[in-house]
Every structure is written in C-alpha cells, then in structure tokens.
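In: Pasted the sequence and its predicted model underneath.
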Amino acid sequence: MRDPNNPCLFCNSKGSGVAHENDLAYASYDTYPVTEQHCLIIPKRHVADYFELSNDELIACNDLIKIVKNEVTYKDKSIKAFNVGTNAGKIAGQSIMHCHIHLIPRREGDVDNPQGGVRSVIPKKQHYKRKI
C-alpha cells in the first residue's frame, strides 16, 4: 500500500483532483467520502495542520468552503446541513500530515440521532443531556 505522506498526496493538486482553487488553496472531493459530495479544502503550502495556516491561508480556505457549500447545495437539494472540521495530529485521527479541512454535507436521516455532531469523535461524548 502506498504511503500518502511520502511523497505527500496533497502537495500534488493535480494528482488529488481540483474542483476549485484560488492562489493559496484548492478543493478536492474526498476519495473516501463520509457522505456524497464530501470535499476537502487543502492549502497549497505544505503545513502539518490547521494551526500552522497563515491568516491569508485561513481566508483562502474559508472562501473555498463557502464556494463548495453553495455549489453542492445548489446541485443537491437533499443537503440540509454540514459538518466542517479538521484533524490536527495523529492522536486526533490525522492520517495525511498536510493540513486539510473536511466539508461534509449532511442529509436528514443520514444517522439516527445527529445530536452532538463533531462530538462523535469520542463516541461516548456524542449524546448528552443539557443541564438546566
């Protein structure tokens, strides 16, 4: 099996496939999507994680997130919500050590109980009861 970090899979935007791009980042549809239209927003500069992005790169990535969000909701009316997130470090689940931000479209009924959303990275913490 090929190591996606040697050479870095995301440093080659042509190999990853470009759906949209700007000067500092590009968007590519995920090869192993969580849901249909799951997209990755990837800075062109090789940085390990979100916390190493410059302010300009953050803006460039955010611009692409909005472009892709608008595009996929226009194409697919079943999309009602999104999860936006990134894994920063191996312990957080990052497997390709080049920053990338997941834009995951959500549809009504795609899971039994969506409460907690991104909290499900630690399954026992996903569902909770609000203290009054």
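Out: Structure's in. What do you need? Numbering: from 1, shown residues only.
In: Buried ones in the longest helix anywhere in the chain, by neighbour count?
Out: Using DSSP state H, we find that the single longest helix of the chain is helix 55-75. Neighbour counts using 16 or more other CB atoms under 10 Å place 57, 60-61, 63-65, 67-69, 72-73 of helix 55-75 among the buried residues. (C-beta placed from N, C-alpha, C; glycine too.)
In: The residue nearest the centre of the chain: which element?
Out: Nearest to the centroid of the C-alpha atoms of the chain, with distances taken as CA atoms, centre = their mean, sits His102, at 0.5 Å. Per DSSP states H and E, His102 falls inside strand 101-107.
In: What residues sit buried inside that strand?
Out: 101-106.
In: Check stretch 25-39 too.
Out: 25-30, 37-39.
In: related to what we said a few turns ago, list the neighbours of the strand holding His102 that are in contact with it.
Out: 27, 30, 34-42, 50, 61, 65, 68-69, 72-73, 76, 78-86, 114 (CB atoms under 8 Å, 6 or more residues apart in numbering).
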